[in-house]
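1. Sequence plus the predicted model coming up.
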Amino acid sequence: MSKPESLKPIPTEAGPDMSTQRILTLYPYPYPGTTCWVFDDARTGLKEEAFVEGTSEMITRVVEGKKILEAANGFLLSGLQQNLWVEMAAE
C-alpha cells in the first residue's frame, strides 16, 4: 500500500552548511480501525510507523481542511527533512 520514501537534495543560498537541505517525502495512510496516521519506509525497514504525538490530529485537520479526497488510500506528504511539513498534495 505504501510507496518508498525518497530524499532529494535541493540547492540553497544560505551558505555551505545549508547546502545539503533535503526534501522528505512520505505517503501517510490511516492505520486500519483507528484515527492514527502511519507510514512505511522501505529504506529503513519501518512498517506502519506512527507519527509523533499530535501529528495524526494535524494530518487529519489538513486533510479535512484541504478536502483531500481519497486520503484514506494514502497521499503525498513532503517538506524539509528537519522542519515542519510545508506541502501536502493529494496523490
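-> Done, it's in.

2. Helices along the chain, start to end?
-> 55-65 (DSSP state H).

3. so Leu77 makes contact with Tyr29?
-> No: if you go by CB atoms under 8 Å, Leu77 and Tyr29 don't touch, sitting 10.3 Å apart. Every C-beta, even on glycine, is put in place using the N, C-alpha and C of the backbone.

4. Which neighbours do these two have in common?
-> Common neighbours of Leu77 and Tyr29, using CB atoms under 8 Å, 6 or more residues apart in numbering, are Phe39.

5. Those two: which is more packed in?
-> Between Leu77 and Tyr29, counted using other CB atoms under 10 Å, Leu77 has the larger neighbour count: 22 against 18.

6. What sits closest to that one if chain neighbours are left out?
-> By the measure of CB to CB, 6 or more residues apart in numbering, the closest residue to Leu77 outside its immediate chain neighbours is Leu26, 4.8 Å from it.

7. any idea how far the one you found is from Gly65?
-> Remark: distance between Leu26 and Gly65 (CB to CB, to the nearest Å) = 19 Å.

8. okay, those two: which has more neighbours?
-> Taking neighbours as other CB under 10 Å, Leu26 and Gly65 compare with Leu26 leading, 24 against 9.

9. Quick check, pLDDT for the residue nearest to Leu77.
-> In the predicted model, Leu26 carries a pLDDT score of 88.

10. Just want to check the distance between it and Lys67.
-> The spacing between Leu26 and Lys67, counted by CB to CB, is 20 Å.

11. Then Thr35?
-> Taken as CB to CB, the span from Thr35 to Lys67 is 18 Å.

12. now swap in Leu24 and tell me
-> For Leu24, the distance to Lys67 - CB to CB - is 24 Å.

13. Compare the two (neighbour count), which wins?
-> Taking other CB under 10 Å, Leu24 and Lys67 do not tie; Leu24 has more neighbours (17 against 8).

14. Thank you kindly, that will do.
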